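Here is my input, please return the structure:
(2 chains)
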Amino acid sequence: QQPVQSPQAVILREGEDAVINCSSSKALYSVHWYRQKHGEAPVFLMILLKGGEQKGHDKISASFNEKKQQSSLYLTASQLSYSGTYFCGTDSGGYQKVTFGTGTKLQVIP
Amino acid sequence: GAVVSQHPSWVICKSGTSVKIECRSLDFQATTMFWYRQFPKQSLMLMATSNEGSKATYEQGVEKDKFLINHASLTLSTLTVTSAHPEDSSFYICSAGLNYGYTFGSGTRLTVV
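Now for the predicted structure:
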């Protein structure tokens, strides 16, 4: 089953923060986050492995709660370049077979 | 590093014809590649897992005789859409797994007229 993301869409002004959530009905081995610009392929942002780790680089970070089968992506001080659709990807077996979430469309406006 | 090259970027074909999409790993060897399909405003749906030197594994509901996958070498996987119909029009994307995540090809937009 496809992981469910919330919110479905969000509009931010430059400099504002956002949180995107990803929830799975299956036990997870890892969670991935991707950003896709319109008409382009997804771009890998980061991967989190089970163990409840948290990761980040620059102003984008993520957490993974394996007990709750949830992950959250945190975007701070958003920039115009952050606009796009964000997908989480989940891997339940460690076999690299990723199931993509429902997606969250993020728009950052000046 | 870790670049996946996908060709063509877009293709328009007539209904009933076949189209081949290539996916190459340029600077690494990919024993496994994944093929996804994405309809407008929807998420990516995994179609099949391509394994070098063996048969591909298809997801439930994906017709293996219609979507032929060949992974003859460690750097090349191909997807052939046979007897394409307008409902096959979509964005097809390949990806390869790495130790630290995944890398995607640039995608192929297929339009069947």
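
where does chain B come near chain A, residue by residue?
B:6, B:32, B:34, B:36, B:42-46, B:49, B:93, B:95, B:97, B:100-107, B:109 (Cβ under 8 Å from any Cβ of the partner chain). Bear in mind the C-beta positions are built from the backbone N, C-alpha and C, glycine included.

Can you turn the buried part of those residues into a PyMOL selection?
This is the PyMOL syntax for the buried subset of those, where burial follows 16 or more other Cβ atoms under 10 Å in any protein chain shown:
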select buried, chain B and resi 6+32+34+36+43+44+45+46+49+93+95+97+101+102+103+104+105+106+107
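
Contact partners for residue A:106?
A:9, A:10, A:12, A:18, A:20, A:75, A:78, A:82, A:83, A:84, A:85, A:86 (Cβ atoms under 8 Å, 6 or more residues apart in numbering or on different chains).

one more time with 7 Å, if that's ok
By Cβ atoms under 7 Å, 6 or more residues apart in numbering or on different chains, residue A:106 lies in contact with A:10, A:12, A:18, A:82, A:83, A:84, A:86.

Please pull out the lowest mean pLDDT helix or strand from chain B.
Every helix and strand of chain B was ranked by mean pLDDT, DSSP states H and E. The lowest is strand B:101-104, at a mean of 83.

Wait, residue A:30 touches residue A:51, no?
No: counting by Cβ atoms under 7 Å, residue A:30 sits too far from residue A:51 to count as a contact (9.8 Å).

Confirm residue B:87 sits in a helix?
Yes: assessed with DSSP: H, G, I helix; E, B strand; the rest coil, residue B:87 lies in a helix.

ok, residues contacting the least confident helix or strand of chain B?
By Cβ under 7 Å, 6+ apart, strand B:101-104 touches A:32, A:41, A:42, A:44, A:47, A:98, B:2, B:3, B:4, B:93, B:95, B:96.

What segments of chain B are strands?
Along chain B, the segments classed as strands by DSSP state E run B:4-7, B:10-13, B:19-25, B:32-38, B:44-51, B:57-58, B:67-73, B:76-81, B:90-98, B:101-104, B:108-112.

cool, and chain A?
For chain A, the strands defined by DSSP E occupy A:4-6, A:9-13, A:18-23, A:30-36, A:43-49, A:54-57, A:60-65, A:70-75, A:84-91, A:99-100, A:104-109.

Kind regards, and thank you for your time.
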